[in-house]
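> Attaching a predicted model along with its sequence, questions to come.
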Amino acid sequence: MQNEFKHLQAAHCENGVTTNLLKNIGVTITEPLAFGIGSGLFYIYIPFLKINNGPAIAFRTMPGNIFKRTCKSLGIPVVRKKFSSEKDAEKFLMECVAAKQPVGCQVGVYYLTYFPKEYRFHFNAHNLIVYGKEGDNFLISDPVMEDVTTLSSFELERVRFAKGPFAPKGQLYYPKEHTQVTEEQLKKAIVKGIKLNVRDMLHIPGNIAGVKGIRYTANKIKKWRDTLGLEKAGLYLAQLVRMQEEIGTGGGGFRYIYGAFLQQAQAYHPNAPLMDLSKKFTQSGDLWRSAAVQASGIYKGRITAQQDFNVMADYLFEIAELEKQAFTSLSKIKW
Amino acid sequence: MKKEDIPQDKSALDKFTKELCYAVDSSGNYVTGLSRGWDVKATALDLTWQDIDKRIAEVKQKVLNKEASPLLFFLELRLMDLTILAAYSGFWQWQIKRHMKPEVFEKLSKRKLEKYAKAFNVSVEQLKTMNVNAE
């Protein structure tokens, strides 16, 4: 029961699922375009929430948003379902498989058997595509993997009904019908995506999210050596780097994808200075990586002075300023 | 990041996959490339696992000293917190906290033990004895 589904590897799972499901209905956009139109870039540090005994930090928008916003902006109707019963979830999935309808599924990674054990935590906002079934095995296209893979029906059910924060509840989604997307629509969707990202990064209330959130984190980091002690501060920095760079999440990586998005958007908006602004995001991505290198110096125990924490914080201040400038420039474009 | 700078360090992803990265080529255009891993994040992950292993060893000792029930051990072993265990087992958090006391745990009914065993993906026997492979 296999259709002509073609696997496509992506840097980030939800981008990949979105790009691939849209391609399947004849809407050809790239991963960076999906990410930009879906306003995927974000930053938030949630001080009162702990994950795996470390700080909760995200570099992207809420799970589900990229697919939702991209489809909405392009005028593509969407089917999205959650289930309370595992039986109903499987029944609906089987109907999709029978109709040769590839579907995006939200899953937990803890029991994701084709992931290396070291990467399996209770993280429930991973996304993959189910595109067929052979015997007891569902055919899986996980966008962060190089190749397609499979999960037995038991294994798939277990990850679709993973428990804890962001419990997927068997959630699945796909574009409802084949639609024509015009170049005009794409142009508008790009502008809409950028405007929403400007709002999220510059104007979100409070001080823990967006550009202000990056500064907030920097101020915290300066104090970690004293308040947490070296060992725990090292673990917190390791967590920051993992949130920034781990497979399926990406952080420095997200800045590069946004840079790629602006480059590709230039073709649709030749009069806007997007090529130039793309460079700012490349620069920001590079700074995130330098910050990670600095952090690793600390958690490897190579550099441990307060001065080293200050340097780390200064990277984040610099990033915040750079991203503020970049989004301010984006907000001033007359489209 | 330049395309030629995409890191190719040894990582836990070896034998599983390579990661797709976006980077710029010599003319400044964004292209994609594959990465085997990056030492900086491989070390971050190693450190996290060292910490987990340390905590597992600590709570195991605590259970052996009768300061806590095996539930605490499996909580760490399965990387869970009370929220997650409550969701998987169906118990309330305050019940789990109570069941963490060795004397309360010893009196738990078979049905309750089975619920925990299922949540931790082990047998009731393993749940009681902590005799389980780390896998």
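Perfect, I can see it now. Residues are numbered from 1 along each chain as shown, chains lettered A, B, ... in the order given.

> and the stretch 151-300 of chain A, which of its residues are near chain B?
Contact residues (C-beta under 8 Å from any C-beta of the partner chain) of the stretch 151-300 of chain A with chain B: A:163-165, A:167, A:234-235, A:237-239, A:241-242, A:244-247, A:252-253, A:256-257, A:259-260, A:263-264, A:278-279, A:282, A:285-286, A:289, A:292-293, A:295-296, A:299-300. Bear in mind the C-beta positions are built from the backbone N, C-alpha and C, glycine included.

> ok, of those residues, which come out buried?
Neighbour counting with 16 or more other C-beta atoms under 10 Å in any protein chain shown marks A:163-165, A:167, A:234-235, A:237-239, A:241-242, A:244-247, A:252-253, A:256-257, A:259-260, A:263-264, A:278, A:282, A:285-286, A:289, A:292, A:295-296, A:299-300 as buried within these.

> Run through the residues that contact the residue most central in space within chain B.
Nearest to the mean C-alpha position of chain B, by C-alpha atoms, centre = their mean, lies residue B:79 at 3.3 Å. Residues near residue B:79 by C-beta atoms under 8 Å, 6 or more residues apart in numbering or on different chains: A:52, A:110, A:121-122, B:52.

> Looking at those, spot the one nearest residue A:308.
The shortest approach to residue A:308 among the contacts of residue B:79 belongs to residue A:52, at 23.8 Å (C-beta to C-beta).

> how about the closest one, phi and psi?
Main-chain torsions, residue A:52, degrees, to the nearest 10: phi 50, psi 50.

> For it, the count of nearby residues, please.
17 (other C-beta atoms under 10 Å in any protein chain shown).

> Can you classify the closest residue to it other than its chain neighbours as helix, strand or coil?
Of all residues not flanking residue A:52 in the chain, residue A:121 sits nearest, at 6.0 Å (C-beta to C-beta, 6 or more residues apart in numbering or on different chains). Per DSSP: H, G, I helix; E, B strand; the rest coil, the secondary structure class of residue A:121 is coil.

> thought residue A:121 was touching residue A:109?
Yes - contact criterion C-beta atoms under 8 Å: residue A:121 and residue A:109 qualify, at 6.6 Å.

> More neighbours: which of the two?
More crowded of residue A:121 and residue A:109, by other C-beta under 10 Å: residue A:109, with 20 against 16.

> tell me the contacts of the more buried one?
For residue A:109, the contact set (C-beta under 8 Å, 6+ apart) comprises A:115, A:119-121, A:123-124, A:126, A:159, A:248.

> Mind putting those into a markdown table with pLDDT and distance to residue B:119?
Listed next are these as a markdown table, based on pLDDT from 0 to 100; distance: C-beta to C-beta, whole Å:
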| residue | pLDDT | distance to residue B:119 |
| --- | --- | --- |
| A:115 | 94 | 21 |
| A:119 | 90 | 22 |
| A:120 | 92 | 16 |
| A:121 | 92 | 16 |
| A:123 | 89 | 18 |
| A:124 | 92 | 16 |
| A:126 | 93 | 21 |
| A:159 | 97 | 16 |
| A:248 | 52 | 25 |
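
> Next, please give the residue ranges for the strands of the stretch 51-200 of chain A.
Assignment of strands within the stretch 51-200 of chain A using DSSP state E, counting those that start in this stretch yields the ranges A:54-60, A:78-81, A:103-107, A:126-134, A:137-141, A:149-152, A:172-175.

> In terms of mean pLDDT, which of the ones you listed ranks lowest?
Note on the strands of the stretch 51-200 of chain A: strand A:54-60 shows the lowest mean pLDDT, a mean of 88.

> In chain A, where is pLDDT below threshold?
A:1-3, A:246-252 (pLDDT under 70).

> hmm, try it at 90
Applying pLDDT under 90 to chain A picks out residues A:1-4, A:47-54, A:58-63, A:123, A:125, A:165-166, A:177-180, A:242-253.

> Tell me where it has helices.
Taking DSSP state H as the test, the helices found in chain A are A:13-24, A:31-37, A:65-73, A:86-98, A:153-160, A:183-198, A:210-228, A:230-245, A:252-266, A:274-299, A:306-331.

> Look at residue B:110 and say how many residues are nearby.
By the measure other C-beta under 10 Å, the count of residues near residue B:110 is 9.

> three-state assignment of residue B:113?
Following three-state DSSP, the label given to residue B:113 is helix.

> ok, it touching residue B:125?
No - applying C-beta under 8 Å, one finds residue B:113 not in contact with residue B:125, separated by 9.8 Å.

> Settle it for me: which of the two has more neighbours?
Counted by other C-beta under 10 Å, residue B:113 and residue B:125 do not tie: residue B:113 has more neighbours, with 18 against 11.

> I'd like to know how many residues surround the residue lying closest to the more buried one once chain neighbours are set aside.
Excluding its sequence neighbours, the residue lying closest to residue B:113 (C-beta to C-beta, 6+ apart) is residue B:124, at 4.9 Å. Neighbourhood size, residue B:124 [other C-beta under 10 Å]: 14.

> Now do the same contact list for residue B:124.
B:110, B:113-114, B:117.

> and which of those is nearest chain A?
Lowest distance from chain A to the contacts of residue B:124 (C-beta to the nearest C-beta) belongs to residue B:117, with 15.6 Å.

> ok now do that closest one, which residues does it touch?
If you count contacts by C-beta under 8 Å, 6+ apart, residue B:117 has them with B:123-124, B:126-127.

> ok, now how distant is the residue lying farthest from the centre of chain B from chain A?
Largest separation from the mean C-alpha position in chain B: residue B:27, at 43.3 Å (C-alpha atoms, centre = their mean). Distance of residue B:27 to chain A, computed by C-beta to the nearest C-beta, to the nearest Å: 11 Å.

> what does the model give that residue for pLDDT?
For residue B:27, the pLDDT comes out at 95.

> Any figure for the gap between it and residue B:2?
Taking C-beta to C-beta, to the nearest Å as the measure, residue B:27 falls 11 Å from residue B:2.

> I'm done for today, thanks for sticking with me.
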